[in-house]
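structure for the following, please:
(chains A and B)
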2 protein chains.
Amino acid sequence: MQGKTIALAKKTPFILIIIMNTDSIQAHIHQMGYEARQAALALSLLSADDKNTILRSMAAGIRENSPAIISENEKDLASARENNLSMAMQDRLKLDETRIEAIAAGIEKVAALPEPCGEILMETTRPNGIKLTQIRVPIGTIGIIFESRPNVTSDAAVLCFKSGNATILRGGKEAIHSNKIIAQILDDAGQAAGMPANAIQLIPFTDRESVAVMAGMDQHLDLIIPRGGKGLIETVVSLARMPVIKHYDGICHMYIDSEAEIDMGVSLAIDAKTQKPSVCNALETLLVHRDIAPTYLPKVAEAFKEKNTELICDPYSANILSEFKTTPAQESDWVTEYLDYQISIKIVDSTREAIDHINKYGSKHSDAIVTQNDKTAQTFLRSVDSACVYHNVSTRFSDGEEFGFGAEIGVSTDKLHARGPMGLKELTSYQYRITGNGQTKA
Amino acid sequence: MQGKTIALAKKTPFILIIIMNTDSIQAHIHQMGYEARQAALALSLLSADDKNTILRSMAAGIRENSPAIISENEKDLASARENNLSMAMQDRLKLDETRIEAIAAGIEKVAALPEPCGEILMETTRPNGIKLTQIRVPIGTIGIIFESRPNVTSDAAVLCFKSGNATILRGGKEAIHSNKIIAQILDDAGQAAGMPANAIQLIPFTDRESVAVMAGMDQHLDLIIPRGGKGLIETVVSLARMPVIKHYDGICHMYIDSEAEIDMGVSLAIDAKTQKPSVCNALETLLVHRDIAPTYLPKVAEAFKEKNTELICDPYSANILSEFKTTPAQESDWVTEYLDYQISIKIVDSTREAIDHINKYGSKHSDAIVTQNDKTAQTFLRSVDSACVYHNVSTRFSDGEEFGFGAEIGVSTDKLHARGPMGLKELTSYQYRITGNGQTKA
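Numbering: from 1, shown residues only, chains lettered A, B, ... in the order given. Next up is the predicted model:
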């Protein structure tokens, strides 16, 4: 009876939410978890061809249902206007023909990527004759908790599906209508092409309680990936009983060494900061060696001025840049991800001081050194404890596409399982398969 | 001033515990965490030779100080007798010449293992000319929380050290004197041979509060590995903000297929159950196909009888074994890790039913099929969601030594980062190092 109510609830969640209390929300989400686990086994047995056929069917489904998506998205946009959401927020929510085509094309691109599962990672025959094979397999079930962008519904579900995992999505309330129709299309078009039922499920609730329920059900979810602001990630980290892969801030640094090539240092800093300031791999803090500061800083400040970038300076750099408009840096600036046309600047006395500053204040994301001295560069690369460390390259390359992964689900600032850009392989686990002819330990 | 008090506290913890409140315990452990992070950077820069020299010095230190270890261990044994600890517990605590020599030899063995760090996992030059290298690096800082066996102090610290990580150990109160002297010897002998300070630290507190403090300091610890009973692991999982790698129960199954070779099925079941019942890779549940049960079960029951093993049977198997003494199985038996001469037995109608039983009741550790049919075996191996799956081999081989890793820190029942036996490689992370000549994204 319980199961039947749940099934009904999944079809018409909005009618039932009204009469559902916390216990029944929990029962509903746990039932989804149970079903995801069942789907995971069926998914793990699909061939690469099966999966790619299903993905192409999903892409076609998205394209065919473009008018319906736009119509549901309009409901979210109307709420956004009513609630006076910022224009940036409204823009993030919006789906038009171009963006829907990008979603469909994105799915086809994932279909074209190499199959991640089944790869033999290690194979050996032990002295007693047993054959040991370490093989790449799906993780199983993955929970994705995200905020406003509705395209995440498709991007995340499709990457998890291609890597053989069942997914439970929980999006933000701002995009609930858009999320629901996209998930429904992926499910319908997927199942029409042979996808197991419940491989992709969207939680119809957007309250905090649903996050807590997901984070607690480690029997049903092998992994949770929160995609959103620090508040969301903190909540998930505090509550989760299963592994969480975090994509925290990118407080990225560039260190201009005393032996830097000045023009390269200017060009790299401008690119890393201003080419797209709103992303996690954009530069936030520029560290400059004291010896090169008097020649380098005025040049880079001039270039930043052209890009209308605010210079937030420690006393030493402010002094050198006395002819420019600068803002005094506070201690809090060293841990601030501006995501805007703002940069903090600090003078350091040595490479070691730069390394220590980055390891203390950074977010273990992406950090660069600019120098012509290879030995100094090696020391920096080996000592900075970040996912991606760069020598004479912009930090903006920390990205699954740029790394050649074809797609990414995010950039992990964790050090366990997946570090840096996460592609399909990072959404897999492995299993040891051992075969023999009766070997015993005794 | 705070720092000074802390340093003092580390030298004479027992005097200060009396006057330390919860806040100062927290401050003490956080200070240790801060120092571990500093040590981690120094550790990551050591060469393989440096590390192996340090390890050999530690082994010599353990051997030279054998009488002092035995004398401190006697204090723990005296408390154990006073507190009426079980004989098994007292035996686990005990360190004699032989066991101390085994600790020293274990360290030398780890020194002789291949260096895990520095391995190039991937290397590619992207079309824009940037060179991308994925390189194996230490994780950084690892917390080990363990219970009574004092040899874990050395085993865990040494594996973490060889893989370039700083370790904070927190052992159980039963072994505190033994743990402290072992940690002190490793630290003294290690530093005498060039080990950075604070690379191996033991928390001098054994209360629950110290576990909570460790689990909360994700700024200082990259990973926690609890080694002990389910209660300890549950506590750590509930509290931890950083990744936890769990070594839960081994509820291991063996499925005797209808096409099994009967004698092999008997020999493998006896080995997996009785060769050493107290370990996590020992067999707990035997699943037998209905068609083979009438011929197989009496044979295996006879063999189990010789090993004084209790047969805990479902009604169908009990019926077949009516001439043997059996105990009726309860639902709880399917999730019980006996770790003793007891085995639960269930009849199944198909391979699929066996797979479903294992995925429902098992602990994702090690499970085996016995069959002469390769196709059936492949279905089983692909469908059972466990770290190690076996075909015609005893589950007792789930072990780092048997897998050729040289040593192990445990058998992970997690699916993220490390699954199954964890050796040195599983104690590492990776970093992307990117070099170029001024490449910008724009």
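
give me the element the closest residue in space to A:I130 that isn't next to it in sequence is part of.
With sequence-adjacent residues excluded and distances taken as C-beta to C-beta, 6 or more residues apart in numbering or on different chains, A:I130 is closest to A:G436, at 4.1 Å. Every residue, glycine included, has its C-beta placed from N, CA and C. With elements taken from DSSP states H and E, the one containing A:G436 is strand A:428-439.

may I have the strands that pair with that strand, each with its orientation?
Strands that pair with strand A:428-439, judged by DSSP bridges, come out as strand A:131-138 (antiparallel), strand B:388-393 (parallel).

most tightly packed of these?
Greatest average neighbour count among the strands paired with strand A:428-439 goes to strand B:388-393 (a mean of 26), per mean count of other C-beta atoms under 10 Å in any protein chain shown.

alpha carbons of that strand, in PDB - could you do that?
Taking Å, rounded to 0.1, in the frame of the first residue of the first chain, the C-alpha atoms of strand B:388-393 are listed here in PDB:
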ATOM      1  CA  CYS B 388      36.200  -8.400  -4.400                       C
ATOM      2  CA  VAL B 389      34.200 -11.100  -6.300                       C
ATOM      3  CA  TYR B 390      35.600 -14.600  -6.700                       C
ATOM      4  CA  HIS B 391      35.000 -17.500  -9.000                       C
ATOM      5  CA  ASN B 392      36.200 -20.900  -7.700                       C
ATOM      6  CA  VAL B 393      38.500 -19.200  -5.100                       C
END
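
what pairs with the following helix or strand past it, and is each one parallel or antiparallel?
With elements assigned by DSSP H and E, the helix or strand that comes after strand B:388-393 is strand B:410-412. Strand B:410-412 pairs in its sheet with strand B:420-422 (antiparallel), by DSSP bridges.

domain map for chain A?
A:2-239, A:252-402 (automatic domain parsing).

any idea which of the ones you listed scores lowest on pLDDT?
The stretch with the lowest average pLDDT out of the domains of chain A is domain A:2-239, scoring a mean of 91.

so the residue nearest to A:I130 sits against B:R396, correct?
No. A:G436 is not in contact with B:R396 according to C-beta atoms under 8 Å; the separation is 11.9 Å.

settle it for me: which of these two has more neighbours?
Ranked by neighbour count (other C-beta atoms under 10 Å in any protein chain shown), A:G436 and B:R396 place B:R396 first, with 25 against 22.

how many neighbouring residues does the closest residue to the more buried one other than its chain neighbours have?
Excluding the flanking residues, the one nearest B:R396 by C-beta to C-beta, 6+ apart is A:K441, at 3.8 Å. Per other C-beta under 10 Å, the neighbour tally for A:K441 reads 19.

now A:K441: which helix or strand?
Secondary structure assignment for A:K441, by DSSP H and E: no helix or strand.

contacting residues around it?
Taking C-beta atoms under 8 Å, 6 or more residues apart in numbering or on different chains, we find A:K441 in contact with B:D271, B:A272, B:Q275, B:K276, B:S394, B:R396, B:F397, B:E402.

measure the closest residue in space to A:K162 that isn't next to it in sequence to chain B for me?
The spatial neighbour of A:K162 that comes closest, neighbours along the chain excluded (C-beta to C-beta, 6+ apart), is A:V110 at 5.2 Å. A:V110 is 20 Å from chain B, where distance means C-beta to the nearest C-beta, to the nearest Å.

against which helices or strands is the host helix or strand of A:V110 packed?
For A:V110, the host element (DSSP H and E) is helix A:97-112. Packing partners of helix A:97-112 (3 or more C-beta pairs under 8 Å, 6 or more residues apart in numbering or on different chains; DSSP states H and E): helix A:48-64, helix A:66-82, helix A:151-162.

distance between the first one and the chain's centre?
It stands for helix A:48-64. Remark: helix A:48-64 is offset 23 Å from the chain centroid, using C-alpha atoms, centre = their mean, to the nearest Å.

show me what it is in contact with.
Helix A:48-64 has contacts (C-beta under 8 Å, 6+ apart) with A:46, A:69, A:100-101, A:103-105, A:107-108, A:110-112, A:115, A:117-118, A:154, A:158, A:161-162, A:164, A:182, A:185-186, A:188-190, A:192-195.

re earlier: which ones are touching the residue nearest to A:I130?
Listed by C-beta under 8 Å, 6+ apart, the contact set of A:G436 reads A:N128, A:G129, A:I130, A:K131, B:Y390, B:H391, B:N392, B:V393.

what is the nearest of those residues to B:G250?
Checking these against B:G250 by C-beta to C-beta gives B:Y390 as the nearest, at 12.9 Å.

thinking the closest one is in contact with A:I434, fair?
Yes. Using C-beta under 8 Å, B:Y390 is in contact with A:I434, at 4.8 Å.

shared neighbours of these two, anything?
Contact criterion C-beta under 8 Å, 6+ apart; residues shared by B:Y390 and A:I434: B:F397.

tell me which of the helices and strands packed on helix A:97-112 sits most buried.
Most buried of the helices and strands packed on helix A:97-112 by mean neighbour count (mean count of other C-beta under 10 Å) is helix A:151-162; its value is a mean of 25.

for that helix, name the packing helices and strands.
Packed next to helix A:151-162, using 3+ C-beta pairs under 8 Å, 6+ apart, are helix A:48-64, helix A:97-112, strand A:141-146, strand A:166-170, helix A:176-192, strand A:200-202, strand A:223-227.

list of residues touching it?
Contacts for helix A:151-162 (C-beta under 8 Å, 6+ apart): A:43, A:51, A:54-55, A:58, A:62, A:95, A:99, A:102-103, A:106-107, A:110-111, A:113, A:116, A:142, A:144, A:146, A:166-167, A:169, A:171, A:175, A:178-179, A:182-183, A:186, A:190, A:195, A:199-200, A:202, A:225, A:227, A:407, A:409, A:424, A:427.

chain center to it, what's the gap?
Here helix A:151-162 is found 11 Å from its chain centre; the criterion is C-alpha atoms, centre = their mean.
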